[in-house]
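> What would the 3D arrangement of this be:
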Amino acid sequence: MTTKWILVECFSGFPGRVIALGAAPKSFVPLANILRNPLSLADAESALRQACATGAPVARVSPDGRRTVRAEPLLIAPGRAHGVRLWVGPVREPVASPDPMGAWYFNLTTNRSVRSIDLLDLYGVAPENRAVELAIAGAFTRLVTNRDESEALAKIVNSAPGTEHQAVWTIRRDDDALRAGHFACRIVEVRDDSGARQVLLRGVTQDIGAAMAVSAAPPPMILEYALLEASAEPGEYRAIVNLRSLRLIRWIGRPMPGIAWEDLPGQPPPQIHPDDLATAKTMSRELARHRTEGTVRIRRLDGGWQPVRIRAALMALDRHTTAGLATVTATS
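Purely as a prediction, here's the structure:
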């Protein structure tokens, strides 16, 4: 038996794999590697199966009366568990409080990020700001990424089902507290209600402690981004862009004010003016040979169109995947 919560992912189907033991990340290991006792393992697998099938918490005592068994699913939509936290311990031992954690997914087909209420609690989001859905780029605004960011962004760009990623990044909560966030995720292909194909990056995030106390957490500012921000002129904004979809992946530094990019309720959706799409696509193609520059109009928050001058350079995410590093300046 173990006296720590076990976090099991459910992206890969039952029985899933362990991604954390207490606050210690585990690299997708079988549950049998953690629970060596056959009776404890059977108790855990039974509770895990029930929690995944019903989407409801399980709390019971083992048939021999010796073990307390808990299984608490991490949900976004009812009945769809992204992960389950398990507890199997002696009945005389109190059940420990679990670390804050929550579920999320990126819809890589529609460029939307969806967060569970538990994840918004982990982020310390105020009730008036609790939009469950927003553009994927909005998910990066509170994250201090680690050295693996290029690898993670390459996986987003390629969107290949079956691809997995796990890391520890720093979370800047809305109260400015810095927390070490351990996350694991997997790209899966699903069908929506109409039968259309959707590609999702399904994940769970766990708060494993104060960022400065966790050696795996990155510093509050990665050096490369500090240099990029320092080199920006007043009125310039830096962004990483998916060259295949022409969608914003993330801002580097402050987002450009006044333009529609978060895709929040009540805001216009992010968009390049239809008459300027050909220019944007040409710029994207030209980056394979050289840096490029051009002017396009993008949607403003007030519904109008803002002309912007874009200087773009090719950036390598991995050996086979590239994105665009865009410097954006408003023009009249």
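> use CA for all of it now, contacts and neighbours both
Will do.
> can you confirm A154 is in a helix?
Yes: under DSSP: H, G, I helix; E, B strand; the rest coil, A154 sits within a helix.
> Could you report the neighbour count for it?
A154 has 19 neighbours, counted by other Cα atoms under 10 Å.
> Pull up the gap between it and I240, please.
Remark: distance between A154 and I240 (Cα to Cα, to the nearest Å) = 11 Å.
> Also E233?
Per Cα to Cα, E233 is found 17 Å from I240.
> same thing with T170?
Computed as Cα to Cα, the T170 to I240 distance reads 20 Å.
> Counting neighbours, which bits of the lengthiest helix in the chain end up buried?
Identified as the longest helix of the chain according to DSSP state H is helix 38-54. The neighbour-count check on helix 38-54 (16 or more other Cα atoms under 10 Å) flags 40-41, 43-45, 47-52 as buried.
> Could you export stretch 172-192 as CSV, CA atoms only?
Only the C-alpha atoms of stretch 172-192 are listed here, as CSV (Å, rounded to 0.1, in the frame of the first residue of the first chain):
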residue,chain,number,x,y,z
ARG,A,172,1.9,32.5,-12.5
ARG,A,173,-1.4,32.5,-10.6
ASP,A,174,-3.8,35.4,-10.9
ASP,A,175,-2.6,36.5,-7.4
ASP,A,176,1.0,36.6,-8.8
ALA,A,177,2.1,33.5,-6.8
LEU,A,178,4.5,31.3,-8.7
ARG,A,179,3.7,27.6,-8.5
ALA,A,180,5.4,24.6,-10.1
GLY,A,181,2.9,23.0,-12.4
HIS,A,182,3.4,19.4,-13.5
PHE,A,183,1.4,18.4,-16.5
ALA,A,184,1.0,15.4,-18.8
CYS,A,185,-0.9,15.3,-22.1
ARG,A,186,-1.7,13.2,-25.2
ILE,A,187,-3.0,14.1,-28.6
VAL,A,188,-6.1,12.1,-29.5
GLU,A,189,-8.5,12.0,-32.4
VAL,A,190,-12.2,12.1,-31.7
ARG,A,191,-15.5,12.6,-33.6
ASP,A,192,-17.9,15.4,-32.6
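> Need phi/psi at L178.
phi -100, psi 120 (degrees, to the nearest 10).
> can you pull the contacts of the residue lying closest to it once chain neighbours are set aside?
Computed as Cα to Cα, 6 or more residues apart in numbering, the closest residue to L178 that is not its neighbour in sequence is R172, at 4.7 Å. By Cα atoms under 8 Å, 6 or more residues apart in numbering, R172 lies in contact with 123, 142-144, 178-179.
> Using the three-state scheme, assign E128.
Following three-state DSSP, we place E128 in the helix state.
> re the thing from before, now what about the longest helix of the chain, what contacts it?
Counting by Cα under 8 Å, 6+ apart, 1, 10, 14-15, 31-32, 35, 56-58, 62, 67, 69-73, 79-81, 84, 86-88 sit against helix 38-54.
> Can you name the next helix or strand after it?
Proceeding N to C from helix 38-54, the next assigned helix or strand is strand 58-61, under DSSP states H and E.
> Name the strands paired with that next one and say parallel or antiparallel.
Strand 58-61 has its sheet partners listed here by DSSP bridges as strand 67-75 (antiparallel).
> Show the average pLDDT along the partner strand.
Strand 67-75 shows a mean pLDDT of 95.
> Report the angle between it and helix 38-54.
30 degrees (axes from the mean of the first three to the mean of the last three Cα atoms, to 10 degrees).
> just the CA coordinates of stretch 155-162, formatted as PDB?
Provided in PDB are the C-alpha atoms of stretch 155-162 (Å, rounded to 0.1, in the frame of the first residue of the first chain):
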ATOM      1  CA  LYS A 155       3.900  18.700 -31.200                       C
ATOM      2  CA  ILE A 156       1.000  21.300 -31.200                       C
ATOM      3  CA  VAL A 157       1.900  22.300 -34.800                       C
ATOM      4  CA  ASN A 158       2.200  18.700 -36.000                       C
ATOM      5  CA  SER A 159      -1.000  17.600 -34.200                       C
ATOM      6  CA  ALA A 160      -0.200  13.800 -34.600                       C
ATOM      7  CA  PRO A 161      -2.600  11.600 -32.600                       C
ATOM      8  CA  GLY A 162      -0.700   9.400 -30.100                       C
END
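> List the buried residues of that stretch.
Buried residues in stretch 155-162, counting neighbours by 16+ other Cα under 10 Å, are found at 155-157, 159-160.
> from the chain's centre, how far out does the longest helix of the chain sit?
Relative to the mean C-alpha coordinate of its chain, helix 38-54 is positioned 27 Å out (Cα atoms, centre = their mean, to the nearest Å).
> average model confidence for it?
Mean predicted confidence for helix 38-54 is 94.
> circling back to that earlier point, and which of the buried residues of helix 38-54 is nearest to R197?
Of all these, C52 has the smallest distance to R197: 23.1 Å, by Cα to Cα.
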